[in-house]
Every structure is written in C-alpha cells, then in structure tokens.
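Undergrad: Let's see this in three dimensions:
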Amino acid sequence: MLTKIISQPFKSVKTSSRVLNLIHSDVCDLHGWPTIGDKKYFVTFIDDCTRFCYVYLMHSKDEVLDKFKMFKSKVEIQHETFIKCFRSDRG
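TA: All right, here's what the predicted structure looks like:
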C-alpha cells in the first residue's frame with residue numbers, strides 16, 4: 001500500500017523591518033574559475049530589510065573575519081546603527 005506524502009505549509013516568514021537588524025552571510029567557492037587577481041572564494045553579506053548585498057573576493061577562506069570587520073565598520077558608520085543579529089551556515 002502506497003501512501004501519499006503531504007507537504008505542510010510554510011510557517012509565515014517574517015523579514016526584518018529595520019536596516020542591520022539581521023545580516024545573512026555565506027562563503028562560496030568559484031569552482032576552479034579564479035578571477036583575474038587569482039581569487040578563488042567570495043563571501044556575501046545580505047541585509048534582510050533592504051536585501052542589499054555586499055560581495056568580497058578572497059584568496060582563501062581564512063580571510064572571512066577580516067572581510068566581516070571591513071563590512072561591519074563600513075555599514076555601521078553609513079547607517080549610524082549597529083548590527084543586531086548575524087546569520088550564517090558556519091561556512
């Protein structure tokens with residue numbers, strides 16, 4: 001006897017209503033296609049409210065903390081507020 005798998009509806013997704021309340025981040029590989037400067041990775045920082053995306057190119061993954069510090073200082077000065085929550089997939 002086969003039973004049909006019924007998918008449950010998604011819970012309501014709430015987006016942040018203020019700039020820098022929630023930042024999403026991900027580290028990605030360029031899959032063997034380095035840039036002209038021989039960078040092989042990039043990290044993204046996306047503001048949940050505005051969906052504005054910052055992208056930083058890197059030679060190796062250990063540069064992520066430096067790129068985050070650059071991003072943090074830039075946006076906090078620009079928007080005159082602090083980052084409240086930071087989400088990543090631990091990449």
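
Undergrad: Any stretches of this structure with poor pLDDT?
TA: Low-confidence segments of the chain, defined by pLDDT under 70: 1-4, 10, 13, 91.

Undergrad: Flag every buried residue along the helix or strand where Phe68 lies.
TA: Assigned by DSSP states H and E, Phe68 belongs to helix 64-79. Residues of helix 64-79 classed as buried by neighbour count (16 or more other C-beta atoms under 10 Å): Val64, Lys67, Phe68, Phe71, Lys72, Val75. Where you see a C-beta, it was placed from the backbone N, CA and C, and this is true even at glycine.

Undergrad: quick one: secondary structure of Phe86?
TA: Recorded secondary structure, Phe86: strand (DSSP: H, G, I helix; E, B strand; the rest coil).

Undergrad: show me the contacts for the closest residue to it other than its chain neighbours.
TA: Of all residues not flanking Phe86 in the chain, Ile23 sits nearest, at 5.1 Å (C-beta to C-beta, 6 or more residues apart in numbering). Taking C-beta atoms under 8 Å, 6 or more residues apart in numbering, we find Ile23 in contact with Phe45, Ile46, Asp47, Asp48, Ile83, Cys85, Phe86, Arg87.

Undergrad: Perfect, that will be all.
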